[in-house]
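Student: test case, fold it:
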Amino acid sequence: MKQKLFYTILIASFLLSGTAHYSGLNTTLQFVLCCIAVIFAAGFMGKATESVAHYAGERMGGFLNATFGNAAELIIAIFLVRDGLHDMVKASITGSIIGNMLLVLGLSVFLGGLKYKVQNFNVMLASHNASLMLLAVVALIVPAIFAKSFTFKEMDMLSTIVAVILIIAYGLWLLFSMVTHKKELSDVSARDPEDHAHTLNWSKGKSIFYLVLATVMVAFISEWLVGTLEHFTETFGLSELFVGAFLIAIIGNAAEHSAAVFLAMKNKIGAAVEIAIGSSLQVALFVAPVLVIVSHFMGDPMNIVFTLYELAAIAIAAVLARSISQDGATNWYEGFLLLVVYVILGIAFFLV
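Tutor: Numbers count the residues shown, from 1 in each chain. This next block holds a predicted model:
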């Protein structure tokens, strides 16, 4: 009965938010309906991710969730690049990276830690994730340092080269983690005893289909919701940096937020970490470089030079996430620390 009610509200909220968007109803009403729709679509995506993880393993389930979640964000960013909104794109990339490492990981560790005293995951995986994130930070800092010394053409060339290198590094990481060292990076998180008794109603094929369907729904709702943000930015006088780095990022990653938290509360912290950290890595090493390359085909090249505020936020998030995850064990207080830093950065971005 509960599941039937959930799916009824999911479908109804999706149809109502779409109708409100395309019929041009009151912007505030659109915003409220889209928020409700995102919550239920995110819950649907969390269930689909859990089901896929049951068949493919927690790491693959987390990777698929991060990939599908970022696919929606990538599509929205491509349209922003097409419109020449490069600063908004970079701000949303920044927001996605710090949002996943601080907000998503923080909530997952905090809420999971309230239920389980200590949660464990693969130490080797944590170490490699941390090293890759520091690579991404270095790759973003170097162009910013030399930006004033280069001409537009030289900076464009450097940005393209860095983008290609990062994509290669990410591809090799997938080969390393999913193929050559798959066993060494396997899941070590304990499972909830109740989970063994739980029988999934979805087959493997149906689970994958529902994950794709949930991603498509989230993509549409996110786009509709983002379309209402201009009204709120004008009403409350919010900056483009804050909107891109926090509002758009939170909305775009809503599905990943819920999926990671749900998994952590079932003591599947390995999958939660893979969603949070893995998604940040995917944005920094794949999504951002792809946007740089795609911008060339749109006739308005976007460089990979981020502002000092953005670089500082990414570096702080990377260092803190590395410090907390390097021992392969988490507790609720570590999650609280991540959330505190996210709030501090949010206030700073709001006041800029």
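
Student: pull out the buried positions in stretch 124-137.
Tutor: Burial within stretch 124-137, assessed by neighbour count using 16 or more other Cβ atoms under 10 Å, is assigned to 125, 126, 128, 129, 130, 132, 133, 135, 136, 137. From N, CA and C alone the C-beta is placed, and that goes for glycine too.

Student: from these, which is closest to residue 266?
Tutor: If you rank the buried residues of stretch 124-137 by distance to residue 266 using Cβ to Cβ, residue 125 comes first, at 19.0 Å.

Student: what sits against the closest one?
Tutor: Residues near residue 125 by Cβ atoms under 8 Å, 6 or more residues apart in numbering: 59, 177, 185, 270, 273, 274.

Student: tell me the first helix or strand C-terminal of the helix or strand hosting it.
Tutor: When elements are assigned from DSSP states H and E, residue 125 belongs to helix 123-146. The first helix or strand that comes after helix 123-146 along the chain, using DSSP H and E, is helix 152-175.

Student: buried residues, that following helix. List them.
Tutor: In helix 152-175, residues buried by neighbour count (16+ other Cβ under 10 Å) are 155, 156, 158, 159, 160, 162, 163, 166, 167, 169, 170, 173.

Student: and for stretch 44-57?
Tutor: If you call a residue buried by 16+ other Cβ under 10 Å, then stretch 44-57 has these buried ones: 44-54, 56-57.

Student: with only the CA atoms kept, save it in CSV.
Tutor: Extracted in CSV, the C-alpha atoms of stretch 44-57 (Å, rounded to 0.1, in the frame of the first residue of the first chain):
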residue,chain,number,x,y,z
PHE,A,44,12.6,6.4,-6.8
MET,A,45,16.2,6.8,-8.0
GLY,A,46,17.5,5.7,-4.6
LYS,A,47,15.5,2.5,-4.7
ALA,A,48,16.6,1.8,-8.3
THR,A,49,20.3,2.4,-7.3
GLU,A,50,20.0,0.1,-4.3
SER,A,51,18.5,-2.6,-6.6
VAL,A,52,21.3,-2.3,-9.2
ALA,A,53,23.9,-2.4,-6.4
HIS,A,54,22.3,-5.6,-5.2
TYR,A,55,23.1,-7.3,-8.6
ALA,A,56,26.3,-5.4,-9.6
GLY,A,57,27.9,-4.6,-6.3
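
Student: just flag the most distant two among the buried residues of stretch 124-137.
Tutor: 125 and 137 (18.9 Å).

Student: residue 36: which of the buried residues of helix 152-175 is nearest?
Tutor: The shortest separation between residue 36 and any of the buried residues of helix 152-175 is 35.0 Å, and it belongs to residue 170 (by Cβ to Cβ).
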